[in-house]
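Engineer: Let's see this in three dimensions:
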Amino acid sequence: MELKSNHASPVLAETAPINKSRLGIPSSLLPYSQQGASFPSGKYVSIPRKKPGKLDDVRSNGWLDAMKSSSPPRKKLIMDFTVEVDDAEIAYCSWLIKYPSALKSFEHITNFAKNKKIAIFLDYDGTLSPIVDDPDRALMSNAMRRAVRNVAEYFPTAIISGRSRDKVFELIGLTELYYAGSHGMDIMGPASTAVSSDHPDSVKSTVQQGKEVNLFQPAKEFLPMIDEVFRTLVENTREIKGAKVENHKFCASVHYRNVDEKNWPVIAQCVHDILKDYPRLRLTHGRKVLEIRPVINWNKGKAVEFLLESLGLSSRDDVLPIYIGDDKTDEDAFKVLKEGNQGYGILVSSVPKETNAFYSLRDPSEVMQFLKSLVRWKTNEEAN
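Structural biologist: The predicted model follows:
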């Protein structure tokens, strides 16, 4: 499939299913395939509405340590009369030696990108919008929206978010983009695609402006289970001040950003007590959020592979994927690009972190600068 680099009205589409001979993720996608694929009605486990008891489980299994490590403390300034020494800033500058700024390395990136087709993949929270206490208030600026729209005029651009696909589209509102919600478990990709469209996890649909798309949903059989767990989480965390539970369709999230740290063990134990009755669901840690997801071989990295395949870009040597994200869940995408030596992962972080990314950006404002720089570079390249 030939993508136009300056598509005025790009086609939103559901990504057609991936073919076993190319990406190798058909029926083996689910560890519980075929015979165990359906959920008989009335077979779900009812969770008693009770307060958690001992907190030994979440202390011994490392959940609390993971929660703290995903919630870095605020910077502390050491003041000595007129001299301020910011230890965090010193550590960050040292970290930049290993993960250099994508802005300062922009010439190196574009030199490598010459004569290549760039594909852009973006996380939403913490990448296009700031991290805020209330997830519903994580709104991207109009300037950022313009920057993303301009990028999409020159490069195929996809959003891959932990939020539901519908929610992230509502927040961004650009039909020029491709969208993958629930950490890539709900993908809207090209309707016209080189990939077979008869995959059991792919369905055709009509969305914005009457366009036909393909929706690829490798975890669709888990929908009733996720919905049940979501309702139970809402009920069982009701008395924990500051806790917020969200249903992202193919995963459920428990935010503890506004929960007093002394109550983190309580909220962790509450989630643990529910999950132990759902062996086909697993816990992952995000930035001050516990996420309950299906146990399937699918993540943001798989979503990147799927979109590249659907766009007809995966088997070409002249493609440069760039993935920008800030969260632990983005590491799967960074790892895919790093191991395949096929593109650049860019971590958005103002604190040092171990990462599979190649470059870094400090915050969403630097992300916007980087996107604008890409557009200027492409414009100049075409003019010459």
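
Engineer: From now on I want contacts and neighbour counts done on CA atoms only, so please keep to that.
Structural biologist: Fine.

Engineer: Tell me where the chain has helices.
Structural biologist: Assigned by DSSP state H, the chain shows helices spanning 20-23, 56-60, 63-69, 87-98, 106-113, 142-154, 165-172, 223-236, 264-275, 300-310, 331-340, 364-383.

Engineer: shaky segments in the stretch 151-300 of the chain?
Structural biologist: 190-213 (pLDDT under 70).

Engineer: Of all the helices of the chain, which one is nearest residue 348?
Structural biologist: When those are compared by CA to CA, helix 364-383 sits nearest residue 348, at 7.4 Å.

Engineer: Just the angle for that closest one relative to helix 106-113, thanks.
Structural biologist: 50 degrees (axes from the mean of the first three to the mean of the last three CA atoms, to 10 degrees).

Engineer: Flag every buried residue along helix 364-383.
Structural biologist: 364, 365, 366, 367, 368, 370, 371, 372, 373, 374, 375, 378 (16 or more other CA atoms under 10 Å).

Engineer: Show me what it is packed up against.
Structural biologist: helix 142-154 (3 or more CA pairs under 8 Å, 6 or more residues apart in numbering; DSSP states H and E).

Engineer: Pull out the CA atoms of the helix it packs on and give them to me as PDB.
Structural biologist: Output in PDB follows, covering the C-alpha atoms of helix 142-154 (Å, rounded to 0.1, in the frame of the first residue of the first chain):
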ATOM      1  CA  ASN A 142      -4.100  23.900  21.000                       C
ATOM      2  CA  ALA A 143      -0.500  24.500  20.100                       C
ATOM      3  CA  MET A 144       0.300  20.800  20.600                       C
ATOM      4  CA  ARG A 145      -2.700  19.800  18.600                       C
ATOM      5  CA  ARG A 146      -1.500  22.000  15.700                       C
ATOM      6  CA  ALA A 147       1.900  20.500  15.900                       C
ATOM      7  CA  VAL A 148       0.500  16.900  15.800                       C
ATOM      8  CA  ARG A 149      -1.800  17.800  12.900                       C
ATOM      9  CA  ASN A 150       1.100  19.300  11.000                       C
ATOM     10  CA  VAL A 151       3.300  16.200  11.600                       C
ATOM     11  CA  ALA A 152       0.400  14.000  10.300                       C
ATOM     12  CA  GLU A 153       0.400  16.000   7.000                       C
ATOM     13  CA  TYR A 154       3.900  14.700   6.200                       C
END
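
Engineer: before we move on, back to that, could you single out the most deeply buried of the helices of the chain?
Structural biologist: Comparing the helices of the chain by mean neighbour count (mean count of other CA atoms under 10 Å), helix 300-310 ranks first with a mean of 23.

Engineer: In PDB, list the C-alpha atoms belonging to it.
Structural biologist: Only the C-alpha atoms of helix 300-310 are listed here, as PDB (Å, rounded to 0.1, in the frame of the first residue of the first chain):
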ATOM      1  CA  LYS A 300       2.500  -1.300  22.700                       C
ATOM      2  CA  GLY A 301       5.400  -2.900  20.900                       C
ATOM      3  CA  LYS A 302       3.100  -5.400  19.200                       C
ATOM      4  CA  ALA A 303       0.800  -2.500  18.300                       C
ATOM      5  CA  VAL A 304       3.700  -0.700  16.600                       C
ATOM      6  CA  GLU A 305       4.600  -3.900  14.600                       C
ATOM      7  CA  PHE A 306       0.900  -4.300  13.700                       C
ATOM      8  CA  LEU A 307       0.500  -0.700  12.400                       C
ATOM      9  CA  LEU A 308       3.700  -0.900  10.400                       C
ATOM     10  CA  GLU A 309       2.500  -4.100   8.900                       C
ATOM     11  CA  SER A 310      -0.900  -2.700   8.200                       C
END
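
Engineer: Tell me the spacing between residue 279 and residue 242.
Structural biologist: Residue 279 sits 28 Å away from residue 242, going by CA to CA, to the nearest Å.

Engineer: Which of these two has more residues huddled nearby?
Structural biologist: Neighbour count, other CA atoms under 10 Å: between residue 279 and residue 242, residue 242 has more, with 16 against 9.

Engineer: Roughly how far does the residue sitting nearest the centre point of the chain sit from residue 326?
Structural biologist: Among the residues of the chain, the one closest to the centroid is residue 161, at 3.5 Å (CA atoms, centre = their mean). According to CA to CA, residue 161 stands 11 Å off from residue 326.

Engineer: Name the residues contacting each of those two.
Structural biologist: Residues touching both residue 161 and residue 326 (CA atoms under 8 Å, 6 or more residues apart in numbering): 123, 125.
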